[in-house]
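S.K.: coords below, sequence missing:
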């Protein structure tokens, strides 16, 4: 069965379940999307990795990555292989000393690890047929969605009540360092987003 590669398109609030989020995976070189409902902790784990926020102490998925690296175990790929009653089932494929190992995983954890190992995510045509949503957009709509996608990870973990536009870059750097040291990752993500937007100007 041929595998179809997916990529993380964005994170968003789930429209089907309150207090939950959805990671949207898109077909590479295609227009089908798969929304997968995940919990708040997993959404933050994915968003923090996508935003390149480095916590002072490792989060769960960072700890797993560091342990696997220590034993020279590499995650080669993630395969979303089944869908039953709305639940996606995934397998993590690892390699160690030339041997391949497979581990059953929640899809949210598998995706969070994929962002840390920079490994591909795959699924099968049967999954896309069951859960995939085709999206046809005009160039203007694509540009608008691209902007929303770029901002989405920070919105998931950022506290938007603070207005960081009034601070200088030097002040923001200090606040960012203190936020990371205090493990205030939501605040750190918002500050990093403000710094990134200024660097692009």
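M.R.: That came through, no problem. The structure presented is a predicted model; accordingly, all values stated were derived computationally and were not measured.

S.K.: need the contact list for the residue nearest the centre of the chain.
M.R.: Relative to the mean C-alpha position of the chain, the nearest C-alpha, by C-alpha atoms, centre = their mean, is the one of residue 46, at 3.4 Å. By C-beta atoms under 8 Å, 6 or more residues apart in numbering, the contact set of residue 46 is 8, 11, 23, 38, 108, 111, 112, 115, 153. Where C-beta positions appear, they are placed from N, C-alpha and C, glycine not excepted.

S.K.: if you set the cut-off to 7 Å instead, what comes out?
M.R.: For residue 46, the contact set (C-beta atoms under 7 Å, 6 or more residues apart in numbering) comprises 11, 23, 111, 112, 115.

S.K.: do the same with residue 49
M.R.: Neighbour list for residue 49: 112, 115, 116 [criterion: C-beta under 7 Å, 6+ apart].

S.K.: pLDDT-wise, which helix or strand of this structure ranks last?
M.R.: The least trusted helix or strand in the chain, going by mean pLDDT, DSSP states H and E, turns out to be helix 139-157, with a mean of 50.

S.K.: ok, then the element right after that one?
M.R.: Going down the chain from helix 139-157, the next helix or strand is helix 169-181, by DSSP states H and E.

S.K.: and the helix or strand that that following helix is followed by, how far out from the chain's middle?
M.R.: Sequence-wise, the next helix or strand downstream of helix 169-181 (DSSP H and E) is helix 185-199. Mean-position distance between helix 185-199 and its chain equals 17 Å (C-alpha atoms, centre = their mean, to the nearest Å).

S.K.: model confidence over helix 185-199, on average?
M.R.: Mean pLDDT, helix 185-199: 79.

S.K.: Which strands or helices does that helix pack on?
M.R.: With contacts taken as 3 or more C-beta pairs under 7 Å, 6 or more residues apart in numbering; DSSP states H and E, helix 185-199 sits against helix 40-50, helix 139-157, helix 169-181.

S.K.: One more pass at 6 Å, please.
M.R.: helix 139-157, helix 169-181 (3 or more C-beta pairs under 6 Å, 6 or more residues apart in numbering; DSSP states H and E).

S.K.: ok so, going back, and the contacts of residue 46, which are buried?
M.R.: The neighbour count (16 or more other C-beta atoms under 10 Å) marks 11, 23, 111, 112, 115 as buried among the contacts of residue 46.
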